[in-house]
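Peer 1: curious how this folds, go ahead:
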Amino acid sequence: MMHEIPPDFTTLPEPYPILDAIRNDGPVQQVLLRGQKIWLVTGYDEVMSGLALSGLSNNARCAGPDRSPGDAGGNLLDHSLLVTDPPDHTRLRKSVSQVFTARRIAALQPRIERVANALLDGLAPTGQADLVAEFAIPLPITVICELLGIPDTDREAFRHWSVSLVMPPADISTLARAAAAQAELTCYFSELIAHKRASPGDDLLTELAVASSHGQLSEKELLAMAVLLVLAGHETTASLIGTGALMLLRHPDQLPAAAPDRP
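Peer 2: Predicted structure coming up:
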């Protein structure tokens, strides 16, 4: 029996039985996703072995017999770290690691704490809140926008674009919203990068624009990197906060381990 992966797990009241059934059938299974047969690897040892194989690719354009790494992709993120292989992946990773330094991140900590406290202060008087919508999402969006040097007035638009881009592709309308958000975000970044080159600032986007000017990144790669940083800086942290809070509510005995300095 071939298992079918739903395109949107949020429509299921309990998605875990499907995942358990796939794992129980074996660590490497062929499954259906949106009508296409794909291989799903769930075993830890098998995943680690696969990651070490040079014959496997991050590039989805290598997946079919009529597609090759050189095929033109309409999706901007086709030029990002997510879907490239060495040597391009190595070059892109090096370019961002040179500017995304530990010193820069450490310098953000006081500001992150102030943003978090301000959000919490805004929630306290109400006595209740939507943790994800009112804290988990705005916190990383604010921080990543400051890191990239995005003006305060544009951050609400960024929140809208980011949410639209990471929604599960459940139907045509969701895909259309994601495509529109990517187009708007790309246009915005194109204009902002031009501004950063003309009037450099002390931010990550300025430094990436300089790297691009020196030939380390193409213009498409620069735009893809900027979009990816917005998504990575928002979605992962928001999910971590929401899931972490849920787990602590279900397992309150773990609170001391999660907050060892708490009185």
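
Peer 1: low pLDDT regions in the chain?
Peer 2: Scanning the chain for pLDDT under 70 picks out the ranges 9-10, 13, 60-61, 63-74, 168-170, 260-263.

Peer 1: in it, where's the longest helix?
Peer 2: When the chain is parsed with DSSP state H, its longest helix is helix 219-250.

Peer 1: starting at the chain centroid, how far to that helix?
Peer 2: 4 Å (CA atoms, centre = their mean, to the nearest Å).

Peer 1: what does stretch 238-256 give?
Peer 2: Worked out by CA atoms, centre = their mean, stretch 238-256 lies 21 Å from the chain centre.

Peer 1: same deal with stretch 76-84?
Peer 2: 12 Å.

Peer 1: what's the spacing between the most centrally placed residue in the chain and Ala198?
Peer 2: Geometric centre of the chain, nearest residue: Ala232, 2.9 Å, by CA atoms, centre = their mean. As defined by CB to CB, to the nearest Å, Ala232 lies at a distance of 27 Å from Ala198. For glycine as for every other residue, the C-beta is placed from the backbone atoms N, C-alpha and C.

Peer 1: then Ser162?
Peer 2: Distance from Ser162 to Ala198, by CB to CB: 26 Å.

Peer 1: higher neighbour count, those two?
Peer 2: Ser162 (22 against 7; other CB atoms under 10 Å).

Peer 1: for that one, which non-adjacent residue is closest in space?
Peer 2: His234 (4.6 Å; CB to CB, 6 or more residues apart in numbering).

Peer 1: wait, the one you found sits on Ser164?
Peer 2: No: using CB atoms under 8 Å, His234 is not in contact with Ser164; the gap is 11.5 Å.

Peer 1: and those two? Which one has more around it.
Peer 2: Set His234 next to Ser164 and count neighbours by other CB under 10 Å: His234 wins out with 27 against 18.

Peer 1: which residues in the stretch 51-200 of the chain form strands?
Peer 2: Counting by DSSP state E, counting those that start in this stretch, the stretch 51-200 of the chain has no strands at all.

Peer 1: all helices of it, in order?
Peer 2: 88-97, 102-123, 131, 138-148, 155-166, 172-198 (DSSP state H, counting those that start in this stretch).

Peer 1: buried set for the second one?
Peer 2: Judged by neighbour count (16 or more other CB atoms under 10 Å), helix 102-123 contains these buried residues: 115-116, 119.

Peer 1: against which helices or strands is whichever helix or strand comes after it packed?
Peer 2: Per DSSP states H and E, the first helix or strand lying C-terminal to helix 102-123 is helix 131. Other elements packing on helix 131 under the criterion 3 or more CB pairs under 8 Å, 6 or more residues apart in numbering; DSSP states H and E are helix 219-250.

Peer 1: can you pull the domain assignment for this structure?
Peer 2: By the assignment in automatic domain parsing, the chain contains the domains 4-56, 102-258.

Peer 1: measure the first one end to end?
Peer 2: Spelled out, it's domain 4-56. For domain 4-56, the first-to-last residue distance is 23 Å (CA to CA, to the nearest Å).

Peer 1: after the helix or strand that contains Ile18, next one along is what?
Peer 2: Here Ile18 sits within helix 16-25, counting by DSSP H and E. Moving toward the C-terminus from helix 16-25, the next helix or strand (DSSP H and E) is strand 28-33.
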